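Participant: Have a look at this prediction, sequence included:
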Amino acid sequence: MNKGRTGETTTDKAIMTCADFQERLPELFETKADLSADEHLKTCENCAALVRDLEYIAQQAKLLLPIHDPSPSVWENIRTAIRNDESSKNGPPPLPSVPPTGV
Ligand SMILES: [Zn+2]
């Protein structure tokens, strides 16, 4: 039996480039990873500044768009609106009879 093991070693300590880091950035933001602990940020002032900017923007966006749960009455309104929409689909609304325009 031949166990085809190649002596491949994957180096985890590969140096990340700015492009690599910025590609991962959305993911890092979504997972709320601790960016201050990122190795690349410690060594790269460019990306550190970029992250600061993004964090600032994210904060401003949160202030502008406060996320809150809609109250149950909102959901009730939506449900009623959907029901009304569906019932109107059952019968097509009567077309307004347009008299032929005389020439
Ligand atoms: Zn960088």
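Facilitator: Received it, and whenever you're ready, just let me know what you need.
Participant: Other residues contacting the worst-scoring helix or strand of the chain on mean pLDDT?
Facilitator: The helix or strand of the chain with the poorest confidence is helix 72-90; it has a mean of 76 (mean pLDDT, DSSP states H and E). Around helix 72-90, nothing counts as a contact under CB atoms under 8 Å, 6 or more residues apart in numbering. C-betas here are computed from N, CA, C, even on glycine.
Participant: Close to the ion: what parts of this protein are there?
Facilitator: C18, C44, N46, C47 (CB under 5 Å from the ion).
Participant: now do 8 Å
Facilitator: Proximity of the chain to the ion is confined to 16-18, 21-22, 40-41, 43-44, 46-48, 50 under the rule CB under 8 Å from the ion.
Participant: Now list the buried members of those residues.
Facilitator: Buried members of the residues of the chain next to the ion, counted by 16 or more other CB atoms under 10 Å: M16, F21, H40, L41, C44, C47, A48, L50.
Participant: which stretches of the chain have low pLDDT?
Facilitator: For the chain, residues meeting the criterion pLDDT under 70 lie at 1-14, 65-70, 87-94, 102-103.
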